[in-house]
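Student: Here is my input; please provide its structure:
(chains A and B)
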Amino acid sequence: MLCDLPAHELTRLLKARQVSALEILEDSLKRIDQVDGRPGTLTPGEITAEDQCKVHAFITLTAERARAQAQAVDDKIAAGEDPGALAGAPVTIKDIFTVAGVPSTAASRILANFIAPYSATPVVRMEQAGALVLGKVNLDEFTYGSSTESSAFQPSTRNPWNTERVPGGSSGGSAAAVAAGEGALSLGTDTAGSIRQPAAFCGVVGMKPTYGRVSRYGLIAFGSSLDCPGPLARNVRDAAQMLQVIAGRDRRDSTSANRPVEDYLAGLEGGVKGLRIGLSPDYFRITFPDPANGEYIQQPLPQEIEAAVLRAAQVYASLGAEIVEDVPMPNTRYGIPAYFVISRVEAASNLHRYDGVKYGYRTPKPQTDLRQLYRASRAEGFGRQPKLRILMGMYVSAAQYSAQYYQRALRVRTLIRSDFEQAFDSANPRRIDLLLTPTTPTTAFPMGAVYGDSVLMQYADQLTVPANHAGTPGLSIPAGLAADGLPLGIQLLGADFSEALLLRAARAYEAATASQPSEGYKKK
Amino acid sequence: MPYQVVIGLEVHAELQTRSKMFCACAVVDPTQAAPNTAVCPICLGMPGVLPVVNQAAVELALRVALALDCQVAASSLFARKNYFYPDLPKGYQISQYEQPLAVNGRLPILTSQGERIVRIRRVHLEEDTGKLTHIQRGAESYSLVDLNRAGIPLLEEVSEPDLRSVEDARTYAEGLRALLRRVGASSGDMEKGAIRFEANVSLRPAGSDELGTRVEIKNLNSFRAMESAIRDQVARQSATLDAGGQVQQETLGWDDLNNTTFSQRSKEEAHDYRYFPEPDLPPLAVDDVWQARVRAALPELPHAQLQRFMTQYDLPETDARLLTEDAATAAYFDHLAAPQHGIAPRAAANWLLGEVFAWLNQTGGGMGSLPLTPAGLAELVRLQEDGTVNLPTAKRVLASMLESGRGAGEIIAQEGLSQVSDGELIAGLVHQVLDEHSHELAAYLSGKDTLVNWFFGQVMRLAGGKANPAVVRQELERQLHSKKA
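Tutor: Predicted structure coming up:
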């Protein structure tokens, strides 16, 4: 089917007038109809056996809107105009971005009725480039989670490889929609690994760009200093093409980087010959405090995860890269505790605006007192995960604790960044160009298995969160299947604004291993 | 027990930019615009939107900071001040906390105790909140929210506790307002809430160096409210201390209607605003070039100008204050009293503050609406000083100038208003009056000296008001004297 083709292939066929945007769209809608099942809602009722074998990527399907976009693309092509770099690419948007005129729920009851009058900058850029926006896809409530199960919109998304498993999260709907062929591309966000982890769980490519490379305007904030919009795609070229479209300075986001965007496609096939690719022991174990006594426990990664990374290193070596072992990244272990503090302080503050007064959910029970109105609206409107983050965020930012927690976490963050700076420092004789690591310590876990045990779930982000602290880019690419038949992901981490290099190295691995499903197109 | 009053003032001034602090919404007159018409997703605090700093606001803030002789930070930080209230759409106010735009400034003030320096602790940028109107209709009560004001740039200037009296506080506040207006940073329009005060008041035994427990009074929207609130607080605190009690640290609000304070919260209930750096804004950078450019373009500041007017023009403080209250008046006066006009500065001041101000008050316009150049006014003053016209005539001429826009010389010539100084002519008039009033002359000669003024009046009437009064008086005295002999 058309929907299984890479986005860049669809755009090529479209421009060659071998297929129309409307045909591509209808094909995607057919796939959605076949595999997605009912969309997530606030009132799901019983989760049926039928529900349990569907993907449920969507919260809101915007078929009519997409048809209008497809028609516009076809009109442009008919008129001989350039339809754009993503012309005809069916895309989904994580429902944490605003799209004008469409509900923007953040997967929370508190925003279920919110329709923004503005679109997020990356969405605007994708639409201008001719993408067909199929709709808004599910996520953990306000992105707070790693499985998409905490969404207020149920049934939550299931992993297309095995619907008994989670798709990961928080960009679970995005990764699942891409993996299931519902949409070739998806716009996700990554605050601690929320693009890379579900990409790994669903066997797709997911990239967290450098902080500031992609505008956050219209992204409903979680941890504002950590949040990065980025692409999910089925292959590296598509990810590169999508990043090319969404990256760049945005006057509406003062933290967006004011530097030119590199050409991510020009050197994509340039290979890795001569690159120094590092392996770090600190990324082959999970260090976490024993809940009983606070002692640090080191747990090695499952053998097959480590083996996948070492296989990849072998592939790179055979392609002419130099493998540098034992790269010290000693502060990796503090990534999660520092993240717990920083992200929650920012999250609690970012959630202040949802007060039931201006928009969003307001308690239907009559209230006589303003404070009671706030309390009731927020108590009823927020799910468990936002509440946990508010509680902890308010605690660690309180005047009497701020120095002990928040200020300290900021210093730890600086240390984590210094790990990266040293590793990539050109003056360091053992400097590397890229770090090769596992993306996740496990493959996709069963639905319901870890949900609710917030601490353990967060430690699953230990290998991805350092890049968020450092503000540096990283991507996850599929690296075959584990014994349980689920996808494995490997991660490449680079220095600030090294997206082109990361994509090139990822493409080299992809090409060498042909992990990309390459079913040729047969014209109907 | 005698106490020393210690006051620190926080002044919040709305900056007169065209657009808001962090979005492109127009700044509108809150007393004119319909509610919630100057709003957008950013100042409404909608999900996903981001603030962008208005560089014009930074420029105005920089003018104030440099005019106050502050050290300006090359890099300052915005922070979030978190609290819930319906006038604060985001649930936090973007302000500057740990690293403000500028610190360590000074504002000289002139009080009845002489010149004093009030130290400025910090100057920082923030955004205004919306406006709530509480409605009570019978049993029903509700609040209306207007977010037109939400996001208007505010500049906060925090003084050190250097003020020692209500007079100090008033003089400082007026001086700061004059400075804000002079550098073009704020309209200073108190009626429209462009400037608001918060006062920190404490007492300590006279001679002590330690600061007493302070009480903070918020919501002071006029000079009068500020003075009343401080007076009220000084009275309360001295009564408490005299009775052997201790002042409790607390935050009070000011009730303008009932002229009294009400408790907002005690120390125990103090808000924890959970300040942390605003992650949506990079540090605010102000380089040396920008600073130098702003500094070089600063106008003469009100205090320096006041001093100059008192020394250069030898004017009393009250006159100098009135003349330097706004830049336009001061500039007008500088032109009027310029040496080439050859008029005495005091006479110039009297004319400007007397007749001209009276006319402006009557018409309700500012200096800009005055249809009279300094040179034109100077001509009139000169014609009066050199005796061409007498004072009452000169005032009539001025009225005519303001009405018609014609020059003083022209009016005097056309209407034949020149003063008669001709000794012979006046001698004849005096002679005629004395001749025609032999009864009064006899009464005068028999000792009724006060009749001299009556004769003077008669002569002036006969001259149609145009006779030079000095010449008339001199001639009258001469002729009366000769009759006495």
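Student: alpha carbons only for contacts and neighbour counts from here, please
Tutor: Will do.
Student: If I look at residue 35, what pLDDT would I see?
Tutor: Using chain A. At residue A:35, the predicted lDDT confidence score is 97.
Student: switch to chain B, that's the one I care about
Tutor: 96.
Student: tell me the phi and psi of it?
Tutor: Torsion angles at residue B:35 (phi, psi; degrees, to the nearest 10) stand at phi -60, psi 140.
Student: In chain B, where's the longest strand?
Tutor: Taking DSSP state E as the assignment, the strand of chain B that covers the most residues is strand B:114-127.
Student: In its sheet, which strands sit next to it, and in what direction?
Tutor: strand B:102-111 (antiparallel), strand B:153-159 (antiparallel) (DSSP bridges).
Student: taking those together, which one is wrapped up most tightly?
Tutor: Each of the strands paired with strand B:114-127 was scored by mean neighbour count; the highest is strand B:153-159, a mean of 26, by mean count of other CA atoms under 10 Å in any protein chain shown.
Student: Can you mark which positions in stretch A:398-417 are buried?
Tutor: Going by neighbour count (16 or more other CA atoms under 10 Å in any protein chain shown), the buried part of stretch A:398-417 is A:398, A:402, A:405, A:406, A:407, A:409, A:410, A:412, A:413, A:415, A:416, A:417.
Student: what sits against the residue most central in space within chain A?
Tutor: Nearest to the mean C-alpha position of chain A, by CA atoms, centre = their mean, lies residue A:195 at 1.8 Å. With contacts defined as CA atoms under 8 Å, 6 or more residues apart in numbering or on different chains, residue A:195 is in contact with A:169, A:170, A:171, A:175, A:188, A:189, A:206, A:207, A:208, A:230, A:231, A:232.
Student: Restricted to helices, list the residues you listed.
Tutor: Of these, the ones assigned to helices by DSSP state H are residue A:175.
Student: In a markdown table, list the contacts of residue A:195 along with pLDDT.
Tutor: Written out in a markdown table, the entries for the contacts of residue A:195 read as follows (pLDDT from 0 to 100):
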| residue | pLDDT |
| --- | --- |
| A:169 | 90 |
| A:170 | 96 |
| A:171 | 98 |
| A:175 | 98 |
| A:188 | 98 |
| A:189 | 98 |
| A:206 | 98 |
| A:207 | 98 |
| A:208 | 98 |
| A:230 | 98 |
| A:231 | 98 |
| A:232 | 98 |
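Student: Which one of the contacts of residue A:195 is nearest to chain B?
Tutor: When those are compared for distance to chain B (CA to the nearest CA), residue A:189 comes out closest, at 12.7 Å.
Student: Does that closest one touch residue A:229 like I think?
Tutor: Yes - using CA atoms under 8 Å, residue A:189 and residue A:229 qualify as a contacting pair, with a distance of 4.3 Å.
Student: Common neighbours of these two, please.
Tutor: With contacts defined as CA under 8 Å, 6+ apart, the residues adjacent to both residue A:189 and residue A:229 are residue A:208.
Student: Which one's more surrounded, those two?
Tutor: Between residue A:189 and residue A:229, residue A:189 has the larger neighbour count (other CA atoms under 10 Å in any protein chain shown), namely 35 against 29.
Student: The closest residue to chain A within chain B: neighbouring residues, count only.
Tutor: Across chain B, no residue is closer to chain A than residue B:48, which sits at 3.9 Å (CA to the nearest CA). Around residue B:48 there are 22 other residues, counting by other CA under 10 Å.
Student: Assess the claim that it and residue A:98 are in contact.
Tutor: Yes - counting by CA under 8 Å, residue A:98 is a contact partner of residue B:48 at 7.2 Å.
Student: what touches both of these two?
Tutor: The contact sets of residue B:48 and residue A:98 overlap at A:120, A:218, A:219, A:220 (CA under 8 Å, 6+ apart).
Student: Distance to chain B for the contacts of residue A:195 - can I get that in TSV?
Tutor: Conversion of the contacts of residue A:195 to TSV gives the following (distance: CA to the nearest CA, whole Å):
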residue	distance to chain B
A:169	20
A:170	17
A:171	17
A:175	22
A:188	14
A:189	13
A:206	22
A:207	21
A:208	18
A:230	16
A:231	18
A:232	21
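Student: hmm, back to that, go through the longest strand of chain B and flag the buried ones.
Tutor: Taking 16+ other CA under 10 Å as the neighbour-count basis, strand B:114-127 is seen to contain the buried residues B:116, B:118, B:119, B:120, B:121, B:122, B:123, B:124, B:125, B:126, B:127.
Student: Tell me the one of these nearest residue A:86?
Tutor: Of all the buried residues of strand B:114-127, residue A:86 sits closest to residue B:127, with 40.1 Å by CA to CA.
Student: Which positions in the stretch 251-400 of chain A make contact with chain B?
Tutor: Where proximity means CA under 8 Å from any CA of the partner chain, the interface of the stretch 251-400 of chain A facing chain B comprises A:251-255, A:349-350, A:352-353, A:357-358, A:394, A:397-399.
Student: State the phi and psi torsions of residue B:255.
Tutor: Backbone torsions for residue B:255, taken as degrees, to the nearest 10, come to phi -100, psi 100.
Student: same deal with residue A:261?
Tutor: Torsion angles, degrees, to the nearest 10, at residue A:261: phi -90, psi 130.
Student: biggest separation within the shared contacts of residue B:48 and residue A:98, which pair?
Tutor: A:120 and A:220 (9.2 Å).
Student: Between those two, which is the more surrounded one?
Tutor: Neighbour count, other CA under 10 Å: between residue A:120 and residue A:220, residue A:220 has more, with 26 against 21.
Student: any idea of the pLDDT on that one?
Tutor: At residue A:220, the predicted lDDT confidence score is 98.
Student: Look up the closest residue to it, ignoring the ones flanking it.
Tutor: Take residue A:220 and drop its neighbours on the chain: the residue closest to it by CA to CA, 6 or more residues apart in numbering or on different chains is residue B:48, 3.9 Å away.
Student: can you pull the contacts of the one you found?
Tutor: For residue B:48, the contacting residues are A:97, A:98, A:120, A:216, A:217, A:218, A:219, A:220, A:221, taking CA under 8 Å, 6+ apart as the criterion.
Student: quick one: low-confidence ranges for the stretch 401-524 of chain A?
Tutor: A:450-458, A:515-524 (pLDDT under 70).
Student: can you pull out the helices in it?
Tutor: Along the stretch 401-524 of chain A, the segments classed as helices by DSSP state H, counting those that start in this stretch run A:408-424, A:454-459, A:465-470, A:499-513.
Student: These: which one's closest to residue B:234?
Tutor: For those, the distance to residue B:234 is smallest for helix A:408-424, at 42.7 Å, taking CA to CA.
Student: Could you list the buried residues of stretch A:107-121?
Tutor: Within stretch A:107-121, the residues that qualify as buried by neighbour count (16+ other CA under 10 Å) are A:107-112, A:114-116, A:118-121.
Student: Chain A contacts on chain B?
Tutor: Those residues of chain B that sit near chain A, judged by CA under 8 Å from any CA, are B:45-52, B:82-84, B:86, B:89-92, B:272-276, B:279-282.
Student: picking up where we left off before, toward the C-terminus, what is the element adjacent to the longest strand of chain B?
Tutor: Scanning the chain past strand B:114-127 towards its C-terminal end, the next helix or strand to appear is strand B:131-137 (assignment: DSSP states H and E).
Student: who touches stretch B:29-41?
Tutor: Residues external to stretch B:29-41 that are found in contact with it (CA under 8 Å, 6+ apart): B:23, B:25, B:26, B:27, B:28, B:49, B:146, B:147, B:148, B:149, B:192.
Student: Quick check: strands, which of those residues are part of them?
Tutor: Secondary structure defined by DSSP E assigns residue B:146 of the contacts of stretch B:29-41 to strands.
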